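In: my questions are about this predicted structure, shown below with the sequence.
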Amino acid sequence: MPTKLDTKPTITILYDAEEDRVREQALARGEKFPALVCNQIEESLTKRGYTIKKLAANPPVKKLVRQIEDDNSDLIFNICESLGGDGSEERRIASVLELLDKRFTGSGSLALTLATDKSLAKKLFDFHQIRSPDFAIIAPGHVEGNPKLNSFPVIVKPIATDASIGINAKSVVDNFQDMMERVFSIHQEFQCPALVEQYIDGREIYIGLLGNPPTMLPPIEWDLSKLPDGMPRIAGSEVKWDDWKNPELKAAKEFVPEDLLANEPLMSKIRDIVLYTWKSLQIRDYARFDLRLTAEGEPYVIEVNPNPWLDRSAEFAMAARKAKPEMSYGDLLEKIVEVAMLRPMREKNGKS
């Protein structure tokens, strides 16, 4: 798939060095570990004629700032979702890139702040009247949102993690006592408030948007109906990351739901919702929207993932392969490069 670029830019892939350490430790224990996304991107774009180098981000930040400042690539492919394993640093990495006037892929620091802090995102959904589960945010000694949220079941999550970290089979609770136990567990383990959400019973649908302005990729559904009895129908950490430990979890499959694609009124409704949410959170380049679709055909926005995981087997790459025209993994990466290179840079005086 040809790009609109006259020449191929030089690219630096920025990622958290902790990923290298985690992989090395796993391999040392004799465990299987997939190729890191930074290596997948490097391999794919190198084959397509791009000059690629990698920058593994390590604390302290002062050293990292100097490394980024000295980088002379045309574009930084930013997949740095954490620093030293701390996911809260993702938005700060984007801030550094912005302050240093670096052109980089994906959303900026504001969108990352709004979307990755679930409490902020929920308040924006509420303000913009985006259909999302009713919620309460419970911090020690302080409650926001709907303090009278007492209709069970509910799901309890940390407010500032992604990749389903902190969400598992114990997250869906049916009574007040279990809810508060889960809330206190999150306070202790993650040192952050807990998000208590109305549990939406329905289909788990992922919608990818790509480009500026964005186009919608085909929906991906995660079929959770065959999970073991007694396990909630959610894509928790066990389902996403621990299926190799428990063969029963492999029954959860991802696929393109043809019945949704054939339902143009429903797809139009979903398209309107995700595009409006994209604008409300000031996202750019690419993102994945996690929805729940009720039996009555009502879509609820559960959360938004700017700069979603770009593993070649993940939902975003899967959706690109199913698009028309079809995009291979390399095509998808080149498209992300293209939209970042063609996006106007904002000057320091605020003019573009």
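Out: Nice, I can see it. Residues are numbered from 1 along each chain as shown.
In: what about the helices in the stretch 101-250 of the chain?
Out: Remark: helices assigned in the stretch 101-250 of the chain by DSSP state H, counting those that start in this stretch are 109-116, 118-127, 176-190, 237-241.
In: which strands and helices sit next to the third one?
Out: Identification of packing neighbours for helix 176-190 by 3 or more C-beta pairs under 8 Å, 6 or more residues apart in numbering; DSSP states H and E yields strand 154-158, strand 194-198. Bear in mind the C-beta positions are built from the backbone N, C-alpha and C, glycine included.
In: closest to Tyr286 out of the helices of the stretch 101-250 of the chain?
Out: helix 109-116 (11.4 Å; C-beta to C-beta).
In: got the CA positions of that closest one in PDB?
Out: The C-alpha coordinates for helix 109-116 follow below in PDB (Å, rounded to 0.1, in the frame of the first residue of the first chain):
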ATOM      1  CA  SER A 109       0.000  14.400  26.300                       C
ATOM      2  CA  LEU A 110      -3.500  15.900  26.800                       C
ATOM      3  CA  ALA A 111      -5.300  13.100  25.100                       C
ATOM      4  CA  LEU A 112      -3.200  10.500  27.000                       C
ATOM      5  CA  THR A 113      -4.000  12.300  30.300                       C
ATOM      6  CA  LEU A 114      -7.800  12.500  29.600                       C
ATOM      7  CA  ALA A 115      -8.200   8.900  28.200                       C
ATOM      8  CA  THR A 116      -5.900   7.000  30.500                       C
END
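In: same for that helix, what does it pack against?
Out: Helix 109-116 is packed against helix 90-99, helix 118-127, strand 299-306, with contacts defined by 3+ C-beta pairs under 8 Å, 6+ apart.
In: okay, buried residues for the first one please.
Out: Read that as helix 90-99. When burial is assessed from 16 or more other C-beta atoms under 10 Å, helix 90-99 yields the following buried residues: 90-97.
In: where does pLDDT dip in the stretch 51-200 of the chain?
Out: In the predicted model of the stretch 51-200 of the chain, residues 147-148, 161-164 satisfy pLDDT under 70.
In: can you name every helix or strand that the lengthiest helix in the chain contacts?
Out: With secondary structure taken from DSSP state H, the chain has its longest helix at helix 264-280. Applying 3+ C-beta pairs under 8 Å, 6+ apart, one finds that helix 264-280 contacts helix 118-127, strand 203-210, strand 215-216, helix 258-262, strand 286-293, strand 299-306.
In: repeat that with 6 Å
Out: Applying 3 or more C-beta pairs under 6 Å, 6 or more residues apart in numbering; DSSP states H and E, one finds that helix 264-280 contacts strand 299-306.
In: endpoints of stretch 289-306, how far apart?
Out: For stretch 289-306, the first and last residues are 9 Å from each other (C-alpha to C-alpha, to the nearest Å).
In: again, but for stretch 155-173
Out: Start and end residues of stretch 155-173 are separated by 6 Å (C-alpha to C-alpha).
In: repeat for stretch 159-176
Out: Stretch 159-176: ends 19 Å apart by C-alpha to C-alpha.
In: not counting its own residues, what contacts that stretch?
Out: For stretch 159-176, contacts defined as C-beta atoms under 6 Å, 6 or more residues apart in numbering pick out 117-119, 152-153, 155-158, 179, 182, 190, 192-193, 195, 199, 231-232, 236-238, 240.
In: now for the most centrally placed residue in the chain: which residues touch it?
Out: Against the mean C-alpha coordinate of the chain, by C-alpha atoms, centre = their mean, the closest residue is Asn305 at 3.0 Å. Applying C-beta under 6 Å, 6+ apart, we find Asn305 in contact with Arg288.
In: distance of it from Asp117?
Out: Distance, Asn305 to Asp117, by C-beta to C-beta, to the nearest Å: 13 Å.
In: show the pLDDT at Glu18.
Out: With respect to pLDDT, Glu18 scores 95.
In: tell me how far it lies from Leu310.
Out: Distance check for Glu18 against Leu310: by C-beta to C-beta, it reads 17 Å.
In: so those two - more neighbours on which side?
Out: Comparing Glu18 with Leu310 by other C-beta atoms under 10 Å, the one with more neighbours is Leu310, at 21 against 17.
In: phi, psi of the nearest residue to that one once chain neighbours are set aside?
Out: For Leu310, ignoring the flanking residues on the chain, the nearest one in space by C-beta to C-beta, 6 or more residues apart in numbering is Val37 at 5.3 Å. When read as degrees, to the nearest 10, the backbone of Val37 gives phi -60, psi -40.
In: related to what we said a few turns ago, now tabulate the helices and strands packed on helix 109-116 in CSV and tack on distance to Trp278.
Out: Formatted as CSV, those follow (distance: least, C-beta to C-beta, whole Å):
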stretch, distance to Trp278
helix 90-99, 17
helix 118-127, 12
strand 299-306, 8
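In: could you list the low-confidence segments of the stretch 251-352 of the chain?
Out: For the stretch 251-352 of the chain, residues meeting the criterion pLDDT under 70 lie at 251-252, 347-352.
In: which among the contacts of stretch 159-176 end up buried?
Out: Neighbour counting by 16+ other C-beta under 10 Å classes 117-119, 153, 155-158, 179, 182, 190, 192-193, 195, 199, 231-232, 236-238, 240 among the contacts of stretch 159-176 as buried.
In: returning to what we had before: so which of the helices of the stretch 101-250 of the chain is nearest Pro214?
Out: helix 109-116 (12.7 Å).
In: what's in contact with the closest one?
Out: 90-91, 94-95, 120-121, 281-283, 304, 306.
In: many thanks, I have nothing further to ask.
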